[in-house]
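Trainee: Structure for the following, please:
(2 chains)
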There are 2 protein chains.
Amino acid sequence: MDTSRRSYAPINFADKLAQFADQWQPRVIAELNDYQFKIVRIEGDFIWHDHPETDEAFIVLDGTLRIDFRDGSVTLGPGEMYVVPKGVEHKPYAADEVKMLLIEPRGTLNTGHAGGERTARQDIWI
Amino acid sequence: MDTSRRSYAPINFADKLAQFADQWQPRVIAELNDYQFKIVRIEGDFIWHDHPETDEAFIVLDGTLRIDFRDGSVTLGPGEMYVVPKGVEHKPYAADEVKMLLIEPRGTLNTGHAGGERTARQDIWI
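Mentor: Numbers count the residues shown, from 1 in each chain, chains lettered A, B, ... in the order given. Now for the predicted structure:
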């Protein structure tokens, strides 16, 4: 047995989610070049906003997420994803708590250019 | 009822996986700026390679994936991810079939700069 070999740790979504309970505050769990993977719990209604510089990917881990657009909506369950194109106004909504993964460039604000009190802190790693 | 509202389609991993059975041939299911989300089925051993220009993210959907490094390995199950840093040699391995999601820049070859007969075709969308 080669005892010199290192064991690297996987990033487990459930383990990460178990480390916090507050909603609307994304945690960074990994980086891919200048992109970040963030997990977040959300429930209720968010604000209308867009990201003029970037697309934004949503992957649902648990629950049902609805993303409203000005002309329609998409509903995502576990094992489903959607990419909101840059510049497209959207508003996430969850009747019950949703646990999800966001993938977007480092520095992307959750409220885009809308700002305001719903803007979450950046770069909280777990 | 506002019948003018559009219904957008979620991207469902299981539905996408049901559309092909061949292994080692990634399919693109979404793009995020200049990055692609690809799903792939793999089984057995791949070749040693690295990606000198980019990190590479793996998210396991089904099965058990081992990624070997020159000095160790990481083992991922469903609901787990890992980001292989750019320039780090690695070799994916799956004793039984693994279904997984890859996230990497458009144009990233599965064999990196190693090339050869295991190099998959690019930009096959489903």
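Trainee: what ranges do the helices span in chain A?
Mentor: Here chain A has its helices, by DSSP state H, at A:13-17.
Trainee: okay, and for chain A, where does confidence drop off?
Mentor: Chain A contains residues with pLDDT under 70 at A:1-4.
Trainee: so what's the residue positioned nearest the centre of it up against?
Mentor: Chain A has residue A:102 as the residue nearest its centroid, 2.7 Å off, counting by CA atoms, centre = their mean. Contacts here follow CB atoms under 8 Å, 6 or more residues apart in numbering or on different chains; on that basis residue A:102 touches A:26, A:37, A:38, A:39, A:40, A:56, A:57, A:58, A:59. Quick note: C-beta positions are derived from backbone N, CA and C, even for glycine.
Trainee: let's go with 7 Å and repeat that
Mentor: A:26, A:38, A:40, A:56, A:57, A:58 (CB atoms under 7 Å, 6 or more residues apart in numbering or on different chains).
Trainee: Show me what it bridges to in the sheet.
Mentor: Beta-bridge pairing for residue A:102 (DSSP bridges): residue A:38, residue A:58.
Trainee: Tell me how far it lies from chain B.
Mentor: 11 Å (CB to the nearest CB, to the nearest Å).
Trainee: cool, residue A:77 as well?
Mentor: Here the criterion is CB to the nearest CB. By it, residue A:77 lies 8 Å from chain B.
Trainee: Going through the contacts of residue A:102, which ones are buried?
Mentor: Among the contacts of residue A:102, those classed as buried by 16 or more other CB atoms under 10 Å in any protein chain shown are A:26, A:38, A:40, A:56, A:57, A:58.
Trainee: Next, find the distance separating the fourth one from residue B:22.
Mentor: Spelled out, it's residue A:56. Counting by CB to CB, to the nearest Å, the separation of residue A:56 from residue B:22 is 31 Å.
Trainee: Tell me how many other residues surround the residue lying closest to residue A:50 once chain neighbours are set aside.
Mentor: Leaving aside its sequence neighbours, residue A:50 sits nearest to residue A:89 (CB to CB, 6 or more residues apart in numbering or on different chains; 4.7 Å). A total of 15 residues lie near residue A:89 under the criterion other CB atoms under 10 Å in any protein chain shown.
Trainee: One more: residue A:43?
Mentor: Here the number of neighbours of residue A:43 (other CB under 10 Å) works out to 13.
Trainee: Not counting its neighbours along the chain, what's nearest it?
Mentor: Once flanking residues are discounted, residue A:43 sits nearest to residue A:97: 4.4 Å by CB to CB, 6+ apart.
Trainee: does the one you found really touch residue A:61, like I thought?
Mentor: No: contact criterion CB atoms under 7 Å: residue A:97 and residue A:61 do not qualify, at 11.1 Å.
Trainee: Which one's more surrounded, the two?
Mentor: For residue A:97 and residue A:61, the more surrounded residue by other CB under 10 Å is residue A:61, and the numbers stand at 19 against 14.
Trainee: Tell me the spacing between that one and chain B.
Mentor: The spacing between residue A:61 and chain B, counted by CB to the nearest CB, is 7 Å.
Trainee: What sits closest to that residue if chain neighbours are left out?
Mentor: With CB to CB, 6+ apart as the criterion, residue A:61 has its nearest non-adjacent residue at 4.6 Å, and that residue is residue A:99.
Trainee: Contact partners for the one you found?
Mentor: Residues near residue A:99 by CB under 7 Å, 6+ apart: A:17, A:39, A:41, A:61, A:62, A:63.
Trainee: among the residues you listed, which two are most distant?
Mentor: A:39 and A:63 (12.6 Å; CB to CB).
Trainee: With that, I have no additional questions.
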